[in-house]
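Chemist: Give the three-dimensional model of this entry:
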Amino acid sequence: MGDALVIIPTYNEAENIGDVIDSVFSLEEAFDILVVDDSSPDGTAEIVKRLQQKFPGRLHLLIREKKEGLGKAYVSGFKWALSHDYQYIFEMDADLSHNPADLPRLLSVLRDEQCDMVIGSRYISGVNVVNWPLSRVILSYFASVYVRLITGIHIKDTTAGFVGYRREVLNALNFDKIHFVGYGFQIEMKYRAWKKGFCIKEIPIIFINRQKGVSKMTGGIVREGILGVLKLKWKNMWGKL
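Modeler: A predicted model of the protein is given here:
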């Protein structure tokens, strides 16, 4: 077992999960993987189980009883990672929109630059998004602008889902207070880490829209992100964060 773990939450990602696992394990840098599957009806977990025979001790699977959203899946993964003594924990999508080849760059920031949290950012050097419709780009970009205006946080890509943490960050967060699942979850994790004074760095990545499978984005997730920022600001003002 290494000291770096990539957490990949899945729901109906049978078309992608094998490719992303193979891509991570093909890297020269050693990363373990934890797939957190919300009981996908398409057989995602069964594919992972078969691949565990190919990658013994490096590929792990956590099956949750039902689909409860990205945030709860990641929190379950974080708790698992901490209980198994990983030092560097990463979030990454299953659909290859995040390039696994960028993982060593993210790890280097945590390990070599001694920063606490690293974000693979779509917006730190322009707009680096491929194959998204313009409406989605505008929504994502201005969502981060909105978060910065409301909270004062100095992060260009607050909704980014390609993120790495030193274990000290996750140990310092109270997971029982984290309830958001989509945009809201990604914003909340960054906001709470920022308020605790951790070192956070963004590095540029190119985000490529999924080629296979179906996006999990819904109107409810967008609304959660908009209202969630106000809730976070309100809780902070009243000392309830």
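Chemist: What's the local residue count around the nearest residue to residue 100 once chain neighbours are set aside?
Modeler: Distance criterion CB to CB, 6 or more residues apart in numbering; nearest residue to residue 100, sequence neighbours excluded, is residue 23 at 4.2 Å. The C-beta positions use only the backbone N, C-alpha and C, and glycine is treated the same way. When neighbours are counted by other CB atoms under 10 Å, residue 23 registers 14.
Chemist: same check, this time on residue 179
Modeler: Neighbour tally, residue 179, other CB under 10 Å: 15.
Chemist: That one belongs to a strand?
Modeler: No: looking at residue 179 with DSSP: H, G, I helix; E, B strand; the rest coil, it is coil, so not inside a strand.
Chemist: For residue 15, see how far away it is.
Modeler: For residue 179, the distance to residue 15 (CB to CB, to the nearest Å) stands at 30 Å.
Chemist: ok, which stretches of the protein are strands?
Modeler: 4-10, 32-37, 59-63, 88-91, 117-121, 129-130, 163-166, 200-204, 207-208 (DSSP state E).
Chemist: okay, those in TSV with distance to residue 145 next?
Modeler: Output for the strands of the chain, formatted as TSV (distance: least, CB to CB, whole Å):
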stretch	distance to residue 145
strand 4-10	26
strand 32-37	30
strand 59-63	35
strand 88-91	22
strand 117-121	14
strand 129-130	15
strand 163-166	19
strand 200-204	15
strand 207-208	17
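Chemist: Tabulate those strands in a markdown table, adding columns for mean pLDDT and distance to residue 100.
Modeler: As requested, the strands of the chain are exported to a markdown table (pLDDT from 0 to 100; distance: least, CB to CB, whole Å):
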| stretch | mean pLDDT | distance to residue 100 |
| --- | --- | --- |
| strand 4-10 | 97 | 8 |
| strand 32-37 | 98 | 10 |
| strand 59-63 | 98 | 14 |
| strand 88-91 | 98 | 10 |
| strand 117-121 | 98 | 11 |
| strand 129-130 | 88 | 16 |
| strand 163-166 | 98 | 13 |
| strand 200-204 | 98 | 15 |
| strand 207-208 | 92 | 12 |
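Chemist: would JSON lines of those strands with mean neighbour count be doable?
Modeler: JSON lines is the format used below for these (neighbours: other CB atoms under 10 Å):
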{"stretch": "strand 4-10", "mean neighbour count": "25"}
{"stretch": "strand 32-37", "mean neighbour count": "24"}
{"stretch": "strand 59-63", "mean neighbour count": "18"}
{"stretch": "strand 88-91", "mean neighbour count": "24"}
{"stretch": "strand 117-121", "mean neighbour count": "24"}
{"stretch": "strand 129-130", "mean neighbour count": "14"}
{"stretch": "strand 163-166", "mean neighbour count": "25"}
{"stretch": "strand 200-204", "mean neighbour count": "18"}
{"stretch": "strand 207-208", "mean neighbour count": "20"}
